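Asks: What follows is a predicted protein model with its sequence.
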Amino acid sequence: MSAPETQSWPARLRSAIALPESVGWRDHVIGAGLAAVYVVWLLATARVLGFPRDEGVYFRAGSQYFNWWHALHERGSDVMRRGMIDSAFSDNHEHPPLMKTLFGASAYFFHQKWEIFRDPTTAFRLPAMCTAGLALWTTYLFGARVWSRRAGLVAAFLLGLMPRVFFHAHLACFDVPIMAMWFWCIYVNWRALETGKITWAIAAGVVYGLALATKHNAWFLPVALIPHALFVRRGAMLAALKRFRISLPANLVAMAILGPLVLFASWPYLWNDTRPRLQWWFDFHMHHEYYNIEFLGKNYFDPPSPKSYLPVMVLATVPSITLLLFAVGAYDRAKEAVRRLDAWARSRLRREAYDATVPRATDTRGEPDLLLALSLGMAVAPFFLSHTPIFGGTKHWLPAYPALALFAGRGFDLAATAMRAALPRLSEPRFRAAQVALFASVVAAPLAETAHSHPFGLSAYVPLVGGTAGGADLGLNRQFWGYTTQNAAAEYLNAKAPSGATVFIDDTTWDAWSHMQNEKRVRGDLRATGTPSDAQIALVQHELHMNEVDYTIWIALGTDAPAYIVRQDGVPIVSVYRRP
């Protein structure tokens, strides 16, 4: 009888499901599985989340964009006239078209045509949710290839279990999509340099074009990718120069050529008056309007922005265990960089060739440490400038979080290795059980924090600062965009409002109110109004600059006592006033 036949069935099962040493298609299955589970979770929790201001604009623009492409398919060149293009794409042309077009396509197919989703807004939101899954998938693959599957898996979990990432991943907006596209571009460029294959270089150009077509953050990607590629290919470039030739990294050439072509092809609005329209787009974001935001009890309506805003908000919103593991992993990689630099300097002093075979903690092909550091640094750098608007809170630097999560995954790897060294006599099955327990201890708190934050993700702060109540006491922003009206509707308006009552909806847009009524989230007989004096019921979404609205309502309705308050952990989120 052969040896395999004498194995017990648990041993045979382990042998059948064991992953090979090299990362391959099975790891894509794991990444896709992580993405699918996350998207299902987002879909299951989407309906309790109201509509922020921007979503109504993107719903409308997305439908118009997709309708034009659909008409192009149906009618051909008839819709290529400038008037037809401009009428479809002029709405919200300050942002590129990719995600809006996908929003419209998803609503058409999954709600209108195939009736998979009852609510059109869930269908509108689906593409952004899928990009959140893509971000987890890519994060896992990067970690698995650079350090270990264990590091990649933990990194993907920690990325998805950030309350602010979870909140924004529900929305038909661009913040999570550009996080996903940014890091996808980082990963593909790294693979192009690591493998040297032209197919990966072409993919780098295409993916960069998709990032450009998602949001303007992509303008900053070359600042991270160019120095990294030049550093990785420095030897080949210097050798070519000695032969009086120019050799550029193929991924950079592809980005320079294919990136703009993909953007141009996806955005018909640029097909006419291309140069002035590109200039307008650039100027709009370089001189963006400075909306207000509360930070440490002060409202910032104008620059300069506080330079402490980003580090304080990261500490207050990213689960503390994630930041601790990030510090461990980042320190490890910085120590390795110093060791390599010291080895290089010593070889120069001895006038010897730098020995690339010196033992290293990890494989450095493609210089992943440098790329992750540049990616993270470039994503957060603008927020240390005094004139960068901070009105979006943490959502504007989400592209930094995949790299942060990967360094945290590396930190977990080191902790697991240290546990093995500390428990040398532990049998292999028991050590695997200990690893599972260690993993559970790391993800339990982020999971609990993320689940508890919903649907008030913008009000949620981590226990390090006292949770939601601590954030409110510190004077950190409680919400924006007026999306919490749905919670007041579900808890009070639908049950207590008189028939046909007029409702002052405060920071909620007319589009959002209309969508809530069309989807029966708010009673259809209630009538929205823009002034408290015309209202029988008035809402206030609590932000510092809304204090004046409170005073106006007290005078207009003749009462300063709310009829109902929507709270998160005891913190007022929305107050509902009713005319006596």
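Replies: Here it is on my side, so go on.
Asks: just for the chain, where's the confidence low?
Replies: 1-7, 10-17, 351-364 (pLDDT under 70).
Asks: residue closest to the middle of it?
Replies: Closest residue to the average C-alpha location of the chain: residue 176 at 2.9 Å, with Cα atoms, centre = their mean.
Asks: Tell me if I am right that that one is in a helix.
Replies: Yes. Judged by DSSP: H, G, I helix; E, B strand; the rest coil, residue 176 forms part of a helix.
Asks: State whether it and residue 128 are indeed in contact, as I suppose.
Replies: Yes. Counting by Cβ atoms under 8 Å, residue 128 is a contact partner of residue 176 at 5.7 Å. C-beta: built from backbone N, CA, C; applies to glycine.
Asks: May I ask you to name the longest helix in the protein?
Replies: Taking DSSP state H as the criterion, the chain has its longest helix at helix 320-349.
Asks: That one - contacts with which helices or strands?
Replies: With contacts taken as 3 or more Cβ pairs under 8 Å, 6 or more residues apart in numbering; DSSP states H and E, helix 320-349 sits against helix 149-160, helix 368-380, helix 401-422, helix 428-453.
Asks: Using a markdown table, please lay out these together with distance to residue 119 and mean neighbour count.
Replies: Compiled in a markdown table, the helices and strands packed on helix 320-349 are given as follows (distance: least, Cβ to Cβ, whole Å; neighbours: other Cβ atoms under 10 Å):
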| stretch | distance to residue 119 | mean neighbour count |
| --- | --- | --- |
| helix 149-160 | 23 | 27 |
| helix 368-380 | 33 | 22 |
| helix 401-422 | 28 | 23 |
| helix 428-453 | 22 | 15 |
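Asks: so which of the ones you listed gets nearest residue 261?
Replies: When those are compared by Cβ to Cβ, helix 368-380 sits nearest residue 261, at 23.4 Å.
Asks: picking that back up, any common contacting residues for residue 176 and residue 128?
Replies: residue 169 (Cβ atoms under 8 Å, 6 or more residues apart in numbering).
Asks: And residue 473, how far from residue 148?
Replies: For residue 473, the distance to residue 148 equals 41 Å [Cβ to Cβ, to the nearest Å].
Asks: Using the three-state scheme, assign residue 294.
Replies: Classified using three-state DSSP, residue 294 is strand.
Asks: Could you measure from it over to residue 365?
Replies: Remark: distance between residue 294 and residue 365 (Cβ to Cβ) = 46 Å.
Asks: out of these two, which sits in the busier spot?
Replies: Applying other Cβ atoms under 10 Å to residue 294 and residue 365 shows that residue 294 carries more neighbours, namely 18 against 14.
Asks: ok, the more buried one touching residue 546?
Replies: No. With contact defined as Cβ under 8 Å, residue 294 does not count as touching residue 546 (10.0 Å).
Asks: State the phi and psi torsions of residue 253.
Replies: The phi/psi pair for residue 253 (degrees, to the nearest 10) reads phi -60, psi -40.
Asks: Go ahead and measure how far the helix or strand residue 280 falls within is from the middle of the chain.
Replies: Assigned by DSSP states H and E, residue 280 belongs to helix 274-286. Relative to the centre of its chain, helix 274-286 is centred 25 Å away, using Cα atoms, centre = their mean, to the nearest Å.
Asks: mind listing what's buried in that helix?
Replies: Within helix 274-286, the residues that count as buried by 16 or more other Cβ atoms under 10 Å are residue 281.
Asks: I would like the residues contacting it, please.
Replies: 93, 94, 216, 264, 269, 270.
Asks: Quick check: the gap between the third one and residue 73.
Replies: Put plainly, it is residue 216. Using Cβ to Cβ, residue 216 is found at 29 Å from residue 73.
Asks: Would you mind measuring the gap between the ends of stretch 303-317?
Replies: In stretch 303-317, first residue to last residue: 23 Å (Cα to Cα, to the nearest Å).
Asks: Buried residues of the longest helix of the chain, list them for me.
Replies: Neighbour-count burial for helix 320-349 flags 320, 321, 322, 323, 325, 326, 328, 329, 330, 332, 333, 340 (criterion: 16+ other Cβ under 10 Å).
Asks: Which one of these is nearest to residue 406?
Replies: Once Cβ to Cβ is applied, the member of the buried residues of helix 320-349 that ends up nearest residue 406 is residue 329, at 7.7 Å.
Asks: Let me see the contact set for that closest one.
Replies: Residues in contact with residue 329 (Cβ under 8 Å, 6+ apart) are 406, 407, 408, 409, 410, 411, 412, 413, 414.
Asks: repeat that for 7 Å
Replies: With contact set as Cβ atoms under 7 Å, 6 or more residues apart in numbering, residue 329 has these partners: 407, 408, 409, 410, 411, 414.
Asks: What is the nearest of the residues you listed to residue 482?
Replies: Comparing these against residue 482 with Cβ to Cβ places residue 408 closest, at 33.5 Å.
Asks: Give the closest residue to the closest one in space, chain neighbours not counted.
Replies: residue 325 (3.8 Å; Cβ to Cβ, 6 or more residues apart in numbering).
Asks: Hmm, the one you found is touching residue 410, no?
Replies: No. If you go by Cβ atoms under 7 Å, residue 325 and residue 410 don't touch, sitting 8.1 Å apart.
Asks: any idea where the strands of this protein begin and end?
Replies: Listed in chain order, the strands of the chain (DSSP state E) span residues 293-295, 298-300, 502-504, 527-529, 537-541, 564-568, 571-578.
Asks: what's the angle from the longest one to strand 537-541?
Replies: Pointing back at strand 571-578 there. Computed by axes from the mean of the first three to the mean of the last three Cα atoms, to 10 degrees, the angle separating strand 571-578 from strand 537-541 equals 160 degrees.
Asks: neighbouring contacts of strand 571-578?
Replies: For strand 571-578, contacts defined as Cβ under 7 Å, 6+ apart pick out 456, 459, 468-469, 472, 478-479, 484-485, 487-488, 492, 536-542, 553, 557, 559, 562-567.
Asks: what's the closest non-adjacent residue to residue 227?
Replies: Nearest to residue 227 is residue 374, by Cβ to Cβ, 6+ apart, at 6.7 Å.
Asks: so how far is residue 56 from that neighbour?
Replies: Distance from residue 374 to residue 56, by Cβ to Cβ: 36 Å.
Asks: again, but for residue 326
Replies: According to Cβ to Cβ, residue 326 and residue 56 sit 36 Å apart.
Asks: repeat for residue 404
Replies: 32 Å.
Asks: And residue 330, by the same measure?
Replies: Counting by Cβ to Cβ, the gap from residue 330 to residue 56 is 40 Å.
Asks: Run a quick neighbour tally on residue 533.
Replies: Using other Cβ under 10 Å, residue 533 has 12 other residues around it.
Asks: How much space separates it from residue 556?
Replies: Distance, residue 533 to residue 556, by Cβ to Cβ: 4 Å.
Asks: Residue 20 too?
Replies: Counting by Cβ to Cβ, the gap from residue 20 to residue 556 is 70 Å.
Asks: Please identify which of the two sits among more neighbours.
Replies: Neighbours per residue (other Cβ under 10 Å) separate residue 20 from residue 556, with residue 556 holding more: 17 against 8.
Asks: just to revisit the earlier point, wait, what's in contact with the residue nearest to residue 227?
Replies: Counted by Cβ under 7 Å, 6+ apart, residue 374 has contacts 224, 227, 228.
Asks: if you look at those residues, which of them are in helices?
Replies: Counting by DSSP H, the contacts of residue 374 place 224, 227, 228 in helices.
Asks: of those, closest to residue 301?
Replies: Using Cβ to Cβ, the shortest approach to residue 301 within the ones in helices among the contacts of residue 374 belongs to residue 224, at 31.6 Å.
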